[in-house]
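*Asks:* Structure here, sequence nowhere to be found:
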């Protein structure tokens, strides 16, 4: 055990560890800045402040890291499905008995301690996807593989949607990136992107206009490829599917999404439609970030984030504080830091000998990247406001722990990559 | 396999990062609108407080209105007073006070306004207006406080105060905010929902220095405040004031009800206080003084004080016995002073004579018949059956239960049942001889003056009452709550009332209540001299007038004032005369009451 531990420490990718700590501590300072009140003059360790509590979460993350590094690396491979099953059961349990916070029934309460199991299900799902796709004879080109992979991410996605937490549910969609790396046809990705485009157009353009133009486009395409009957059939099916999608998006918007979610989607298209409701958040968030200028106002000097103009300033909107106090340079450093992490992780993933480790690595990248991209996009008004945290930065125990577990399990696997026989 | 795709993933990450940086460069560096927006266009939410509804008496006289006052507010971040000495002189505070008030405001919030000096008068405000420009960081917020022109009915009206933490936590409607005013007792509390109105909100653009730049989006998001609804009370403020005048220097209560509607005409708690004391700048000081007063002026006696009913209870006992058929109006029962102490002479009594002379022994015997009806051979079990039945009769009169009134602090009094005596003596170990005090309204039974006035109304109506209430109309159309429109029958056949009421009339004509007699107004009543272990007996009276088409039912308790026939009957008589005739024809009786020397 000690020998193994020693080897782990020796083989651990310290570059990633360093980036992790830099990000976590930058986050900690910014949480303090977000809740800082000039007059109260409480220090960063004050346990009544979010920053004080975050330090406790950081401390407990250290314990989690030590635990992960000391567990046998084969454990994650062997128990991948077991973990997944366990967390699916917990999700069902929370759905039935959990505590409702702000419209989502996704919290567990043990005494005064609250936990969001869906945060940890991301990890379990990454393990399960890696375990399944990593097993020999599984090829992503097979329809069966595609369906089973879809089910693995679909089940938690559905359960989290049922909990009323659409934001977290969307995270499971990020595994598409893993599937792509493992050989999913780019056509599917292209169709997915096209679907998103049609989705947005449905919200912007009137339905009739959209359907007519789709049909016209289809007719033009048929006209151009008059000699190939297969293409004509394909185009006709495509147009029918697209029109069906336009119809179902309308149904989704009015029937499935809750009013506050509808508003969020709509305010993306037109933020000034509801400037004091959802649009207000985005407007204030943009004002805060925009007022930072090139160099920012300086640490603890922000005015917008401290006036309660920006909602959830220490959690989902933490990027506002960075944008306001550290300006474009600060944003550059943060985005640069994340990019370094992603490129480093891709490098690590690609050097794995076992499929399991590589696929899991891509799972980690996808999940963190999705959070990063969506969180920042929503604070600068490029994406609807969905409540997902900025990894390592946002205040909150569940979120920090889940990203820590995700990342360090991969580092543990990486540290033992030489011991794995090539499959 | 598919190793090449890593570059596509890397490319995706790179493109996303690039988009973010470009977008950020636009909003942070190139576009100065956001910076200007942050500096100039802060949207400030300004809450507009509605006027609280007014309260009128039954004849349209104003009981409660709103008086504008002005709070001096401070925003610590913006404070810049060049001449602190001048400032302190103006408000007549010391420099230390100034510093500590600023410090307190800072502790609350550096940037949010907090109250610096509360409730400036009109005059102070007028003087301040010119000076305010010099005192940066200070501004005046107009509010209103309650004012009581009639200076009456303090406890029943109640008062309003700042909402406390507990009330905030318990507010399920999510309406209230810290610093809001809320009705804390009396009508103010019961009708809080209609009185308070609805807060309005306006959004104004201000810059970082708090200078207003006009309405946000031309006020399209503003909501107007809706003023509270005016209430019309059932109180006759002249009667109320006259009753309070008679009660000066006395402890006790008056409750007067219009029998045909259940409307409360007067509700006196003595000693009372000036309601204006609990409104305005000196609230907490006055409140503490009132609360530590040994005579408990904040204790709303007509609703909350519980006394034994004493002899007035004999009216109820008669009705129950007649309804049970254990006695007939004609039956003569020989009563002497052997069973229970008695002031009535020995001799034969029927119901009417027993009420007139208040024969304790007669009611002892009658009550024994009610309790022991030989339903069971075991005298203990028999008493249980009897008491159970008796209690349900009594509860039907609204005694021992909470009357469904709109006065929130009302108490239910107490009517002991089998559970009580089981606890006291052990199950099946008590019988009539343990509970006979109830027959004359002493012992464990307790009532409030309002319940006794309601008993008077029930007798006046010959069998039913309307739940007593103090608000006649919740809007201009005279709407009252539906529960007050339905008569509540007490379960005694109307044939049994005339004999009891005749007895009550004789009480005034020839009995213990002679002092209350008024020529031409047939008063029916019953006096009580309530035994009091702590001091002199309480003087009590319950009755109604006139006998036919009663207009007023009344109950009076004067604490430690001896015989019911003296203090309480006199006060009740004067009030009845005042209400029915509008004038007092017996100045000597008024003098007697005002002198207040009732014992001996």
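*Replies:* Noted; the coordinates are in hand. All values derive from a computational prediction rather than experimental measurement.
*Asks:* list the contacts for residue A:366?
*Replies:* Residues near residue A:366 by C-beta atoms under 8 Å, 6 or more residues apart in numbering or on different chains: A:174-178. Yep, even glycine has a C-beta here, placed from its N, CA and C like the rest.
*Asks:* Helices of the stretch 101-250 of chain A, start to end?
*Replies:* A:117-134, A:143-162, A:166-171, A:176-181, A:186-204, A:207-224, A:229-251 (DSSP state H, counting those that start in this stretch).
*Asks:* For chain B, which of those helices is the nearest?
*Replies:* Closest of the helices of the stretch 101-250 of chain A to chain B is helix A:176-181, at 5.2 Å (criterion: C-beta to the nearest C-beta).
*Asks:* Who are the packing partners of that closest one?
*Replies:* Here helix A:176-181 touches helix A:117-134, helix A:186-204, helix A:355-379, helix B:5-24, going by 3 or more C-beta pairs under 8 Å, 6 or more residues apart in numbering or on different chains; DSSP states H and E.
*Asks:* could you redo the last one with a cut-off of 10 Å?
*Replies:* Judged by 3 or more C-beta pairs under 10 Å, 6 or more residues apart in numbering or on different chains; DSSP states H and E, the packing partners of helix A:176-181 are helix A:117-134, helix A:143-162, helix A:186-204, helix A:318-350, helix A:355-379, helix B:5-24.
*Asks:* Now do the same contact list for the residue in the stretch 151-300 of chain A positioned nearest to chain B.
*Replies:* Chain B sits closest to residue A:290 of the stretch 151-300 of chain A, with a gap of 2.3 Å, by C-beta to the nearest C-beta. Neighbouring residues of residue A:290 by C-beta atoms under 10 Å, 6 or more residues apart in numbering or on different chains: A:304, A:320, A:323-324, A:380, B:24, B:26-38.
*Asks:* Just the pLDDT for it.
*Replies:* For residue A:290, the pLDDT comes out at 85.
*Asks:* now residue B:480
*Replies:* 82.
*Asks:* does it count as helix, strand or coil?
*Replies:* Following DSSP: H, G, I helix; E, B strand; the rest coil, we place residue B:480 in the coil state.
*Asks:* For it, list the residues it contacts.
*Replies:* Residue B:480 touches B:232, B:234, B:261-263, B:406, B:469, B:471-474, counting by C-beta under 10 Å, 6+ apart.
*Asks:* pretty sure residue A:129 is in contact with residue A:153, am I right?
*Replies:* Yes: assessed by C-beta atoms under 10 Å, residue A:129 is found in contact with residue A:153 at 6.8 Å.
*Asks:* which neighbours do these two share?
*Replies:* Contacts common to residue A:129 and residue A:153, judged by C-beta under 10 Å, 6+ apart, are A:172, A:175, A:178-179, A:363.
*Asks:* Can you pull up the most central residue in chain A?
*Replies:* residue A:371 (2.9 Å; C-alpha atoms, centre = their mean).
*Asks:* Can you give me the neighbour number for the closest residue to it other than its chain neighbours?
*Replies:* Leaving out its chain neighbours, the residue that sits closest to residue A:371 by C-beta to C-beta, 6 or more residues apart in numbering or on different chains is residue A:391, at 4.9 Å. Residues near residue A:391, counting by other C-beta atoms under 10 Å in any protein chain shown, number 26.
*Asks:* which secondary structure element contains residue A:391?
*Replies:* Using DSSP states H and E, residue A:391 sits within no helix or strand.
*Asks:* mind listing what it touches?
*Replies:* A:20, A:23-24, A:27, A:338, A:341, A:367-372, A:375, A:399-400, A:402-404, A:406-407.
*Asks:* can you do 8 Å?
*Replies:* A:23, A:368, A:371-372, A:399, A:403.
*Asks:* List just the nearest of those residues to chain B.
*Replies:* Using C-beta to the nearest C-beta, the contacts of residue A:391 come closest to chain B at residue A:372, 8.3 Å.
*Asks:* so what's the closest one up against?
*Replies:* A:338, A:390-391.
*Asks:* Brilliant, that's me finished.
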